[in-house]
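Engineer: sequence and predicted model, in that order:
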Amino acid sequence: MEIEGETDATRTYGMLQALETLSEDLDRTVSRPLQKEAFKCSAACCDTAKNQTDLQSCVQSCSEKVQRMEAVVNHELGDFQQRLQRCAVRCQDVSREKLPAEPSDSQLQEAQKRMEACISTCAQDFESQVPGLGKRIKEMCKKL
């Protein structure tokens with residue numbers, strides 16, 4: 001089931017790299033522009049607010065888009081992580097179900113290999129979902 005030269009660890013690392021790349025892209029293309037907009041808006045509040053209460057209200061209003069963006073990103077990444085964890089737990093369950101009541105060491109080792117291969121497949125499947133995840137997050141953030 002292994003692709004020549006590719007190990008389970010390599011597949012898992014590939015998914016982690018894809019998520020890191022996504023995180024950097026979202027920071028550069030979504031988060032920073034919204035933060036910049038919020039800072040400019042907050043600076044303008046200093047010129048327009050009549051009193052401290054108005055200033056606080058204005059600054060709070062300026063940061064709402066950033067807070068909504070962070071909520072979207074956290075929700076989507078959390079959902080992605082939960083689905084990945086469910087896949088890994090399913091791998092553990094399937095591996096356990098195939099063991100006899102009193103497994104031998106070799107049966108335990110074989111079950112461990114099956115579980116690791118299954119988890120590696122999860123990582124590979126989820127790596128392919130990262131671009132769609134990024135696109136979905138960007139589309140949601142455009143609507144803020």
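Structural biologist: Good, I have the coordinates. Numbers count the residues shown, from 1 in each chain.
Engineer: ok, Ala18 to Cys46 distance?
Structural biologist: Ala18 is 41 Å from Cys46, where distance means CB to CB, to the nearest Å. (Each C-beta comes from the backbone N, C-alpha and C, glycine too.)
Engineer: what residues of the helix or strand containing Gly78 count as buried?
Structural biologist: Using DSSP states H and E, Gly78 falls within helix 64-97. Buried residues in helix 64-97, counting neighbours by 16 or more other CB atoms under 10 Å, are found at 65-66, 69, 72-73, 76-77, 80, 84, 87-88, 91, 95.
Engineer: got the residues you listed as a markdown table, with distance to Lys135 columns?
Structural biologist: Below are the buried residues of helix 64-97 laid out as a markdown table (distance: CB to CB, whole Å):
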| residue | distance to Lys135 |
| --- | --- |
| Lys65 | 20 |
| Val66 | 21 |
| Met69 | 15 |
| Val72 | 13 |
| Val73 | 13 |
| Glu76 | 11 |
| Leu77 | 14 |
| Phe80 | 13 |
| Leu84 | 18 |
| Cys87 | 21 |
| Ala88 | 25 |
| Cys91 | 27 |
| Ser95 | 34 |
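Engineer: from those residues, which is closest to Gly14?
Structural biologist: Closest to Gly14 out of those is Leu84 (13.4 Å), distances taken as CB to CB.
Engineer: pretty sure the closest one sits against Phe126.
Structural biologist: Yes - under the criterion of CB atoms under 8 Å, Leu84 is in contact with Phe126, at a separation of 5.1 Å.
Engineer: number of nearby residues for the closest residue to Pro103 other than its chain neighbours?
Structural biologist: Of all residues not flanking Pro103 in the chain, Ala111 sits nearest, at 7.0 Å (CB to CB, 6 or more residues apart in numbering). A count of nearby residues for Ala111, using other CB atoms under 10 Å, gives 18.
Engineer: break down this protein into its strands, ranges please.
Structural biologist: Taking DSSP state E to define them, one finds no strands in the chain.
Engineer: distance-wise, check Val30 relative to Lys65.
Structural biologist: Counting by CB to CB, the gap from Val30 to Lys65 is 10 Å.
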